[in-house]
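A.B. asks: Structure for this input, please:
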Amino acid sequence: MTKHLPDGESQRRLSDTGVEAAARRGRGANANPSGRFERSGREIFDDGWTPSETARLRTEVLPERACHIITRNASPDIPFDRSINPYRGCEHGCIYCFARPNHAYVGLSPGLDFETRLFTKPDAAKLLERELSAPGYSPRTIALGTATDPYQPIERTHRITRSVLEVLARFRHPVGIVTKSNLVVRDADILAAMAADRLVKVAVSVTTLDPALARRLEPRAPHPLKRLEAIERLSAMGIPVMVIVAPVIPSLNDHEIEAILAEARARGACEANHVLLRLPHELDALVSDWFAEHYPGRAQHVFSLVRQARGGKVYDAAFGRRMVGEGPYADLIAQRMRLAKARLGFAGERVTLNADAFSPPGAQLSLF
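C.D. replies: Numbering: from 1, shown residues only. Predicted coordinates:
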């Protein structure tokens, strides 16, 4: 059934778009609401023809023919101005993922579609080589995996992230990787060689040390212990690793900050950072629905603290505040991070990568 929404109506009742628990087992979202750009919404109802056994949602993967692979930004509160995302959508299914609303740009739902209808960029390496070879290209660190995880499960077979790293290694181009998967260790051969020339660092996201909570929050992401083991293995190879406590969710995982930092530091992480829960666009309703299912007694308190840290709103997109928030609660989290980092011996400054080593293959031949 399709119901038409009045102009300007942006909120959907997720109970109307909910999917049976048996069908979405192993997924993060429990609904599939229409994206904010759609003029009609979907409503699920029983018409009597529902089969007795509900079919499980399967992951669909389609190629996306991109014209460019490097995305530019001018955001003053993030330490990079360019990024690459080999995949659109993410099978990890993290309910809190701030990239979920991006699926609305292709007419899909930020809910279950985001984690079940994925897109690959098979020409990523070819496009990257072309863009790095362009006359006048000026190298600066490329962030790999800023929206969706470059090491999500489909990377095992598609290997697009590895092909991108192979190009960056040949061009001696600096790259920073963000992931919550231990699959990154697979590419240690490339990363170790790049690290020797200060061309790479890896940021590993650890949301919680509690396996039960991790299973609910990020159902298809690797076990927290696997991520800690990845930190240890990469660090042992001389690859600088940052641990990111992200997102910090008030009254759910905020009590674990010091424990996560201590575990990561013991395994060799040299930097640490955090990001406060961000709820842009459709994410507000999706996370609210998730709490209603998993932690109904905490929802009101959690969102009260979120609003305290977001100027009374659920989300504040202003530069300088969107990542860490403001106010007493946000300040307390920041202070705890500073104290724990100092006590544990984390570096006070970020590892800087070497852009001066950039050397496009064949560049010397152009002199003759």
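A.B. asks: And the strands in the stretch 51-200 of the chain?
C.D. replies: For the stretch 51-200 of the chain, the strands defined by DSSP state E, counting those that start in this stretch cover 60-63, 71-72, 82-84, 87-88, 117-120, 142-144, 175-179, 200-205.
A.B. asks: what's near enough to touch residue 248?
C.D. replies: Counting by C-beta atoms under 8 Å, 6 or more residues apart in numbering, residue 248 makes contact with 254, 257, 274-277, 333. Any C-beta I mention is one placed from the backbone N, CA and C, and that applies to glycine too.
A.B. asks: How about residue 326?
C.D. replies: Residue 326 makes contacts with 309-311, 316, as judged by C-beta under 8 Å, 6+ apart.
A.B. asks: ok, back up a step: for residue 298, which of the strands of the stretch 51-200 of the chain is the nearest?
C.D. replies: With C-beta to C-beta as the measure, strand 200-205 is the member of these nearest residue 298 (22.0 Å).
A.B. asks: mean confidence score for the closest one?
C.D. replies: Throughout strand 200-205, pLDDT has a mean value of 98.
A.B. asks: can you give me the mean pLDDT across the helix or strand that it is followed by?
C.D. replies: With elements assigned by DSSP states H and E, the helix or strand that comes after strand 200-205 is helix 211-217. Averaging pLDDT along helix 211-217 yields 97.
A.B. asks: Centre of the chain to helix 211-217, how far?
C.D. replies: Per C-alpha atoms, centre = their mean, to the nearest Å, the displacement of helix 211-217 from the mean C-alpha position of its chain is 16 Å.
A.B. asks: now do stretch 171-187
C.D. replies: Relative to its parent chain, stretch 171-187 has a centroid offset of 14 Å by C-alpha atoms, centre = their mean.
A.B. asks: So which of the strands of the stretch 51-200 of the chain is nearest residue 341?
C.D. replies: strand 200-205 (14.7 Å).
A.B. asks: Now do the closest one and strand 175-179, the angle between them.
C.D. replies: 20 degrees (axes from the mean of the first three to the mean of the last three C-alpha atoms, to 10 degrees).
A.B. asks: counting contacts, what elements does strand 200-205 pack onto?
C.D. replies: For strand 200-205, the packing partners by 3 or more C-beta pairs under 8 Å, 6 or more residues apart in numbering; DSSP states H and E come out as strand 175-179, helix 188-195, helix 224-236, strand 241-248, strand 271-276.
A.B. asks: Which residue is the nearest non-sequential neighbour of residue 140?
C.D. replies: Leaving aside its chain neighbours, residue 140 sits nearest to residue 355 (5.7 Å; criterion: C-beta to C-beta, 6 or more residues apart in numbering).
A.B. asks: From residue 294, how far off is residue 212?
C.D. replies: 10 Å (C-beta to C-beta, to the nearest Å).
A.B. asks: before we move on, back to that, need the max-distance pair from the contacts of residue 248.
C.D. replies: Largest pairwise distance in the contacts of residue 248, by C-beta to C-beta, is 13.2 Å, between 257 and 277.
A.B. asks: These two - which one has more neighbours?
C.D. replies: Neighbour count, other C-beta atoms under 10 Å: between residue 257 and residue 277, residue 277 has more, with 25 against 18.
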